[in-house]
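Undergrad: need coordinates for the following:
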Amino acid sequence: MSVRRRLTTATGAVLLALAVAGCSGLGRTAVGTLSYETQREVSLRVTSPPVKGCHRLAPSGVTHIRNDTLVDFVMYTTRDCRGKHSVYVPTSSSNLTPPGTLPWRSYRIIH
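TA: Numbers count the residues shown, from 1 in each chain. Okay, the predicted model is just below:
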């Protein structure tokens, strides 16, 4: 193998390694779709939501959720994923808020 070919191969390997490292730096996502309906009866879908952090929902709040991802969710009635009023929504399931209760305003992914 010539020196030029070896140098080209080595350069390609380095670029590939950098590309893979760069993609993994973007953060992990949940595989699948989270569907929900707001208090105003608007249906929304989030595909592959980020796994880390607290995620806000529609400002009007959410009354129905369908978890079609490979991870579990915890839904909160506050905008900052805090408080004692939370609901655990396992993978491939759904949940409704009972009448007269606060809507969900944020969620965290269990991973």
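
Undergrad: list the beta-bridge partners for D72.
TA: I110 (DSSP bridges).

Undergrad: send over stretch 89-106 as CSV, restricted to the C-alpha atoms.
TA: Listed in CSV are the C-alpha atoms of stretch 89-106, where the atom choice follows Å, rounded to 0.1, in the frame of the first residue of the first chain:
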residue,chain,number,x,y,z
VAL,A,89,-46.7,6.6,32.6
PRO,A,90,-45.0,3.4,31.6
THR,A,91,-44.0,2.6,28.0
SER,A,92,-46.8,1.7,25.6
SER,A,93,-49.5,3.0,27.8
SER,A,94,-51.7,6.1,28.2
ASN,A,95,-53.2,8.2,31.0
LEU,A,96,-56.0,10.7,31.4
THR,A,97,-56.3,13.4,34.1
PRO,A,98,-59.4,12.9,36.2
PRO,A,99,-62.1,15.6,36.0
GLY,A,100,-61.5,18.4,38.5
THR,A,101,-57.7,17.9,38.7
LEU,A,102,-54.9,20.0,37.5
PRO,A,103,-53.5,19.3,34.0
TRP,A,104,-50.0,18.1,33.3
ARG,A,105,-47.6,20.9,32.4
SER,A,106,-44.2,19.2,32.3
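
Undergrad: report the distance from it to the chain centre.
TA: 16 Å (C-alpha atoms, centre = their mean, to the nearest Å).

Undergrad: quick check: buried residues in that stretch?
TA: V89, N95, T97, P103, W104, R105, S106 (16 or more other C-beta atoms under 10 Å). The way it works is simple: take the backbone N, C-alpha and C, and place the C-beta from them, glycine included.

Undergrad: and the nearest residue to T77 once chain neighbours are set aside, which of the three is it?
TA: Computed as C-beta to C-beta, 6 or more residues apart in numbering, the closest residue to T77 that is not its neighbour in sequence is L102, at 4.1 Å. Three-state call for L102 (DSSP: H, G, I helix; E, B strand; the rest coil): coil.

Undergrad: now swap in Y88 and tell me
TA: Note that with three-state DSSP, the state of Y88 is strand.

Undergrad: does it touch N67 like I think?
TA: No: using C-beta atoms under 8 Å, Y88 makes no contact with N67, being 10.2 Å away.
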